[in-house]
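Visitor: I would like to see how this sequence folds:
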Amino acid sequence: MLRLTKTLIAFAWFSLVLKLVTMSLPYYPEAIEQITLADKLVHFILFGALFYLLTDAVLKKDFSKWRWAVYPSLIFSVLFAFFTEYLQLYIPSRTSSLFDTSAGLAGIAFFGWLVRKRIRSASAAVEANTTNIKKSGVKPELNKPKLLLHICCIGCGAFVSQSLKDEFKITLFYYNPNIFPVEEYEKRLEETRRIAKKFRLPLLAGEYDHKKWLKKIKGLEKEPEKGKRCLVCYRDRLTMAARTAKEKGDDFFTSTLTVSPHKDAKAINAIGRKLEKKYKVKFYEADFKKNDGFKKSCALSRELDLYRQDYCGCEFSREKQPPKKGRVVSEKPLVKTSAGKTSGKIKPAKPLINNT
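Guide: This is a model prediction of the structure:
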């Protein structure tokens, strides 16, 4: 939104400059021949500010690739200054003046100096911040693309987030309305909160509405694992992840679902690619179970003493594999959810932890 505002301001200023330097004026020969300081000052400000606003509209927040903003804006502003003076040869009561052009170029040079000073100041701040980060032993987050990581459980989430932490700035997204019963949902969410805090990762959670999920898979209750019911479930969770990533302004989204050997990575990635086109957010395609990913996630879970469930989450997968006794995390829910809601409306994801 800020980029759009800056672009509109730059365009409005460009229109103003074009209007002022090409409009026909009353004919006063003695005034036209006289070179006034005010007239040159106007040209100085018009073209200098134009260059500054164009550059500001294109510059990124972190000032990376600043040359792609400065040089095109500089070339355009200089050519525009010459072009408008040339146009004045054909406008009644206007005359082309090298003094006007020189004043415009001087303005561009002055505002260019301001831009250069601003970039140098930002670069110095970034360099100082990078030095402090290196001394602290923490890897810099600057310039990392943002990734929304949908997690089905923190056992998979811990492994994948640690695998991708050097490549992305990660936000965990817990959205699993398929999980049954609600106590199981709460256990997994509580563990997710604990590890999100440990790894200093932001955490978002979507609404838990198991009744609505049951309506989505109605008629598919008898489907086997990796069957049509699972496809509906994959699509539901990945869709919410893509929507949330779009709303947050993240660069990528992906899911830990492919860690499990019981999940169809090919189908999950195919759904992700379709959602990428629909929501205009890049899908990070992966099969996290490869290279012993599942074994590594289990090893990390044991190391972190995580609660690790022995069924996917829904009652249908639970029926086929009766759950064993796992580590009890809590007898009472520690977070509020909207379990059992039948409104049919999915609330926007809300932050549970913000460790950024």
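Visitor: C-alpha from now on. contacts and neighbour counts both.
Guide: Fine.
Visitor: tally of neighbours for the nearest residue to Gly293 once chain neighbours are set aside?
Guide: Using CA to CA, 6 or more residues apart in numbering and skipping the chain neighbours, the partner closest in space to Gly293 is Val259 (6.4 Å). Using other CA atoms under 10 Å, Val259 is surrounded by 27 other residues.
Visitor: show me what contacts Val259?
Guide: Cys156, Asp287, Phe288, Lys289, Gly293, Phe294, Ser297 (CA atoms under 8 Å, 6 or more residues apart in numbering).
Visitor: Could I get the residues you listed in TSV, plus columns for neighbour count?
Guide: Shown next, in TSV, are those (neighbours: other CA atoms under 10 Å):
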residue	neighbour count
Cys156	26
Asp287	20
Phe288	22
Lys289	21
Gly293	20
Phe294	19
Ser297	22
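Visitor: Looking at the residues you listed, spot the one nearest Lys266.
Guide: Asp287 (8.1 Å; CA to CA).
Visitor: shouldn't that closest one be in contact with Ala265?
Guide: Yes. If you go by CA atoms under 8 Å, Asp287 and Ala265 touch, sitting 5.8 Å apart.
Visitor: Mind listing the shared neighbours of the two?
Guide: Jointly contacting Asp287 and Ala265 under the rule CA under 8 Å, 6+ apart are Thr258.
Visitor: List the residue ranges of the chain that fall below the pLDDT cut-off.
Guide: Within the chain, the segments meeting pLDDT under 70 span 1, 25-37, 61-64, 125-142, 320-356.
Visitor: show me where it has strands.
Guide: 146-151, 169-174, 203-205, 252-255, 282-283, 350-353 (DSSP state E).
Visitor: Would you mind giving these as a markdown table with distance to Thr239 added?
Guide: Shown next, in a markdown table, are these (distance: least, CA to CA, whole Å):
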| stretch | distance to Thr239 |
| --- | --- |
| strand 146-151 | 10 |
| strand 169-174 | 12 |
| strand 203-205 | 14 |
| strand 252-255 | 10 |
| strand 282-283 | 11 |
| strand 350-353 | 16 |
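Visitor: Quick one: closest of these to Lys60.
Guide: The minimum distance between Lys60 and the strands of the chain falls on strand 146-151, with 15.2 Å, by CA to CA.
Visitor: The closest one - contacts with which helices or strands?
Guide: If you count contacts as 3 or more CA pairs under 8 Å, 6 or more residues apart in numbering; DSSP states H and E, strand 146-151 packs onto helix 154-164, strand 169-174, helix 228-248, strand 252-255.
Visitor: Any chance of these in a markdown table with distance to Cys312 as columns?
Guide: Listed next are the helices and strands packed on strand 146-151 as a markdown table, based on distance: least, CA to CA, whole Å:
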| stretch | distance to Cys312 |
| --- | --- |
| helix 154-164 | 12 |
| strand 169-174 | 15 |
| helix 228-248 | 10 |
| strand 252-255 | 14 |
